[in-house]
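Novice: what shape does this take:
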Amino acid sequence: MDKPRKSVIGVEISDVFIPPDTIQKWQRTVDLMARVFAVPAALIMRVHEDQIEVFISCKTDEENPYCQGEFAKLNSGLYCETVIKTQQLLLVPDARKDPAWDSNPDIALNMVSYFGMPILDSRGKVFGTICALDSKEHDYSQLYQALLRQFKEIIESDIVILSELTEKVRLLAELCRSNQDLEDFAHVASHDLRAPLSSILSSAELLNCECGEKLDESAKEFLRIIVDATRRMDRLIHDILIYSQAGHTKLSLSDVDFNCVLGVALENLKSAIEESQAIITADSLPSLEADSRSMSQLFQNLILNAIIYRGSEPPRIHVSAARSGEEWIFSVQDNGIGITTEDQTKIFESFVRVAKHVSGSGLGLAICKRSIEQHHGRIWVESSPGKGAVFRFAIPCHRV
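Specialist: From the prediction side, this is the model:
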């Protein structure tokens, strides 16, 4: 077991890795915090062994003296050191009235009021602080304290998710020797990782309820971005669960009417179809020995893919099937943006999105490939840029 990392002020340090997407989300959070509190400086600080880092600094006020990426020595009298040591809320309305803060370097930057809380990971290790500073006396009301706690919980929820995801990825490498262990892990990971997301959404809704009328349109947009990012993360975790199951869960084979399977997929996609004004047609499809649930998921992923990667015209999607020797070949044809030759193999790999402007987990087609291969079939695409795409998959006529 690795030896716990400690700072010179005696606390154990969280070493969680923060990816760029989360850093961008936190940037929007501190920008929103600065607007709500009407202060020049809103920060997320990260503690190291003998230094403290300005990890995120708001970009809403030119009077903010703290630059992202700056470091300061610990044991120098900073406000944040007290928060880290005590792991409690610190409220300093005006440090000029308290001689205990005379040597505080923050005062030299004219930051005379401070309001901050510690940021902890799921094991109680200190990541740093979240705080607001002002150049004038500032009494923070109980409402502001409740709001800062909500901001803190948003950050801590992200850290919990990232910490657990990192740990579970490590465990996944060990568990992948057994397909059953992998499936069990996916269920646990899905539950554990999705649970904190509800806390983030609840925090955002509370902020909107408590302070919605005080926010300008820019701040409201920041809040919407936080909610959207949380929902995308929830979708990613869901897709990872489905991907981990695809190809490993035992098939429940029966005589499947593919017309019914397609109908289930279209019903599940009703909102996306209506929103995009997609026109979907289909020939009569055969009945084959297959797993109806995975085939419905297959059609759903392929049709949703056609809707997402549509061109300037409303999507036109046609589903057909034809027998070829000892297999049936199904086709899902669209009028979308098309796919380059070099990308036609890549798109079936996990976490691949060839169109970077389109959101998604990059797992949909990888799930399709696993499902088809478990049916001893194959899947491919025929396309060229600007001319739509035809996704085809083949399933043997005999029993799987």
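
Novice: switch to C-alpha atoms for all contacts and neighbour counts from now on
Specialist: Noted.

Novice: can you give me the strands for the stretch 251-400 of the chain?
Specialist: 253-257, 279-282, 287-291, 316-324, 327-334, 378-383, 389-396 (DSSP state E, counting those that start in this stretch).

Novice: ditto for the stretch 101-250 of the chain
Specialist: Under DSSP E, counting those that start in this stretch, the stretch 101-250 of the chain gives strands at 113-120, 126-134.

Novice: may I see those arranged in CSV, with distance to Gly311, mean neighbour count and mean pLDDT as well?
Specialist: As requested, these are arranged in CSV below (distance: least, Cα to Cα, whole Å; neighbours: other Cα atoms under 10 Å; pLDDT from 0 to 100):
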stretch, distance to Gly311, mean neighbour count, mean pLDDT
strand 113-120, 45, 25, 95
strand 126-134, 44, 25, 94
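
Novice: with respect to Ala95, which of those lies nearest?
Specialist: Closest to Ala95 of these, according to Cα to Cα: strand 113-120, at 6.1 Å.

Novice: and that closest one, what other elements does it pack with?
Specialist: Applying 3 or more Cα pairs under 8 Å, 6 or more residues apart in numbering; DSSP states H and E, we find strand 113-120 packed against helix 79-86, strand 90-92, strand 126-134, helix 142-175.

Novice: and the residue nearest to Lys387 when sequence neighbours are not counted, how close does it get to Lys152?
Specialist: Excluding its sequence neighbours, the residue lying closest to Lys387 (Cα to Cα, 6 or more residues apart in numbering) is Gly338, at 5.5 Å. Computed as Cα to Cα, to the nearest Å, the Gly338 to Lys152 distance reads 44 Å.

Novice: any buried residues in stretch 196-211, and which?
Specialist: Buried residues in stretch 196-211, counted by 16 or more other Cα atoms under 10 Å: 196-197, 200-201, 203-205, 207-208.

Novice: oh sorry, the question was meant for stretch 287-307
Specialist: Of all the residues in stretch 287-307, those buried under the rule 16+ other Cα under 10 Å are 288-292, 294-307.

Novice: pLDDT (mean, whole number) over it?
Specialist: For stretch 287-307, mean pLDDT is 91.

Novice: point out where the protein drops to low pLDDT.
Specialist: Along the chain, the parts satisfying pLDDT under 70 run over 1-9, 170, 172-195, 212, 231-232, 234-249, 350-362, 398-400.

Novice: ok so, going back, so which of the helices and strands packed on strand 113-120 is nearest Glu12?
Specialist: Glu12 lies closest to strand 126-134 among those, at 6.2 Å (Cα to Cα).

Novice: chain center to the closest one: distance?
Specialist: Computed by Cα atoms, centre = their mean, to the nearest Å, the chain-centroid distance of strand 126-134 equals 23 Å.

Novice: who are the packing partners of that strand?
Specialist: Using 3+ Cα pairs under 8 Å, 6+ apart: strand 126-134 touches strand 41-47, helix 79-86, strand 113-120.

Novice: any chance you could list what contacts the second one?
Specialist: Spelled out, it's helix 79-86. Residues from elsewhere that reach helix 79-86 (Cα atoms under 8 Å, 6 or more residues apart in numbering): 9-11, 45, 74-75, 89-90, 104, 106, 114, 116-118, 126, 128-129.

Novice: what do you get for the last one?
Specialist: Strand 113-120 is contacted by residues 14, 79-80, 83-84, 87-95, 126-138, 140, 148-149, 152, 155-156 when judged by Cα under 8 Å, 6+ apart.

Novice: pull out the buried residues from those residues.
Specialist: Burial by neighbour count, 16+ other Cα under 10 Å: within these this picks out 14, 79-80, 83-84, 87, 89-95, 126-138, 148-149, 152, 155-156.

Novice: please name the bridge partners of Ala72.
Specialist: Ile52 (DSSP bridges).

Novice: typo on my end, Val47
Specialist: Bridge pairing for Val47 - DSSP bridges - gives Ile52.

Novice: wait, doesn't it sit right on Ile130?
Specialist: No. Counting by Cα atoms under 8 Å, Val47 sits too far from Ile130 to count as a contact (11.5 Å).

Novice: ok so, going back, the strands of the stretch 251-400 of the chain into CSV, with extra columns for distance to Ala229?
Specialist: CSV is the format used below for these (distance: least, Cα to Cα, whole Å):
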stretch, distance to Ala229
strand 253-257, 38
strand 279-282, 30
strand 287-291, 33
strand 316-324, 29
strand 327-334, 29
strand 378-383, 31
strand 389-396, 29
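
Novice: can you tell which of these is closest to Leu215?
Specialist: Nearest of the strands of the stretch 251-400 of the chain to Leu215, taken as Cα to Cα: strand 279-282 at 40.8 Å.

Novice: what helices and strands are in contact with that closest one?
Specialist: Packed next to strand 279-282, using 3+ Cα pairs under 8 Å, 6+ apart, are strand 316-324.

Novice: so the strand it packs on versus strand 389-396, what angle?
Specialist: Strand 316-324 and strand 389-396 are oriented at 30 degrees to each other (axes from the mean of the first three to the mean of the last three Cα atoms, to 10 degrees).

Novice: the inter-axis angle of strand 316-324 versus strand 327-334?
Specialist: Using the same axes, to 10 degrees: strand 316-324 against strand 327-334 is 170 degrees.

Novice: tell me the strands beside strand 316-324, with direction?
Specialist: Strand pairing for strand 316-324, using DSSP bridges, gives strand 279-282 (parallel), strand 327-334 (antiparallel).
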